[in-house]
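Colleague: this is a predicted model, with the sequence first.
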Amino acid sequence: MNDIEIIKNTIPQIRRDILRMVHANNSGHPGGSLGCTEFLSALYFKIMKHNKSFQMNGENEDLFFLSNGHISPVLYSVLARSGYFPVNELNTFRKINSRLQGHPTTHEKLEGIRIASGSLGQGLSVAIGAALTKKLNNDKHLVFSLHGDGELQEGQIWEALMYASGNNVDNLIATIDYNKRQIDGDISDVLPLGNLKRKLESFDWLVIEEKKWK
């Protein structure tokens, strides 16, 4: 099978993993996890050049940082299905003493996790730091990050966006899951983002809009 066929065949299994993990514990965030299944599957199985023999320093490989840590089920499934740790460890999701906590942390030393995430708005700053480190080390690999649209209501995100463009951080690809929903309701009812594409472009970011993969 080619890469696209592998991704298409893996996506349904990842969705099943997500539903099983959340259902078994009656706890977790299935919506955001399911919505990012295609993106993370394509990233890990096709796009990223990454080393499954995990090294925390991430030298000489592409890196990924999950900012919206509440969608941990999809990341855990993708990491397991791509060979970072045994698939049967997914059965320990959110259990006491499990490495697969509700929000990823580095304390558990889970392969593939480089950031304790879930405090929204912080992931982009970490990703920028990693991208700058690669530039300083003449490492040509890329840094990827994923963000929820609700966390764009955090001021730190906009400081980071400004800092990245001001310091020519051109080896970072940040993706926003712009589903216009957050835990408190519609984005427009909580704090409207306005014309998001125009705002991001005003910070000198190259913005590409991608529709959901069918």
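Modeller: Yep, it's here.
Colleague: check contacts around Lys180.
Modeller: Shown in contact with Lys180 (Cβ atoms under 8 Å, 6 or more residues apart in numbering): 149, 186-188. For every residue, glycine as well, the C-beta is placed using N, CA and C.
Colleague: ok now the host helix or strand of Val78, how far from the chain's centre?
Modeller: Assigned by DSSP states H and E, Val78 belongs to helix 72-81. For helix 72-81, the gap between its own C-alpha mean and the chain's C-alpha mean amounts to 10 Å (Cα atoms, centre = their mean, to the nearest Å).
Colleague: what packs against it?
Modeller: helix 3-25, helix 30-35, helix 37-42 (3 or more Cβ pairs under 8 Å, 6 or more residues apart in numbering; DSSP states H and E).
Colleague: where does the chain dip in pLDDT?
Modeller: Scanning the chain for pLDDT under 70 picks out 212-214.
Colleague: buried ones in the helix or strand just after the helix holding Val78?
Modeller: Downstream of helix 72-81, the first helix or strand assigned by DSSP H and E is helix 123-136. Neighbour-count burial for helix 123-136, counted by 16 or more other Cβ atoms under 10 Å, picks out 123-128, 130-132, 134-135.
Colleague: tell me how far helix 123-136 lies from the chain's centre.
Modeller: Helix 123-136 sits 15 Å away from the centroid of its parent chain (Cα atoms, centre = their mean).
Colleague: just stretch 115-123 next, same as before
Modeller: 10 Å.
Colleague: can you list the buried residues in it?
Modeller: 115-118, 120-123.
Colleague: and those, which two are the farthest apart?
Modeller: The span of these, defined through Cβ to Cβ, is set by Ala116 and Gly121 at 13.7 Å.
Colleague: just to revisit the earlier point, any chance of a markdown table for the buried residues of stretch 115-123, columns distance to Asn97?
Modeller: Listed next are the buried residues of stretch 115-123 as a markdown table, based on distance: Cβ to Cβ, whole Å:
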| residue | distance to Asn97 |
| --- | --- |
| Ile115 | 21 |
| Ala116 | 17 |
| Ser117 | 20 |
| Gly118 | 19 |
| Leu120 | 26 |
| Gly121 | 29 |
| Gln122 | 26 |
| Gly123 | 26 |
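Colleague: what is the nearest of those to Glu59?
Modeller: Minimum distance to Glu59 across those is 16.5 Å, recorded for Ile115 (Cβ to Cβ).
Colleague: isn't that closest one right up against Pro104?
Modeller: Yes: using Cβ atoms under 8 Å, Ile115 is in contact with Pro104, at 7.2 Å.
Colleague: okay, and the common contacts of those two?
Modeller: Contacts common to Ile115 and Pro104, judged by Cβ under 8 Å, 6+ apart, are Leu66.
Colleague: list the residues that contact the nearest residue to Gly102 once chain neighbours are set aside.
Modeller: Of all residues not flanking Gly102 in the chain, Arg94 sits nearest, at 5.3 Å (Cβ to Cβ, 6 or more residues apart in numbering). Arg94 makes contacts with 21, 25, 27-28, 100-102, as judged by Cβ under 8 Å, 6+ apart.
Colleague: fine by me, we can end here.
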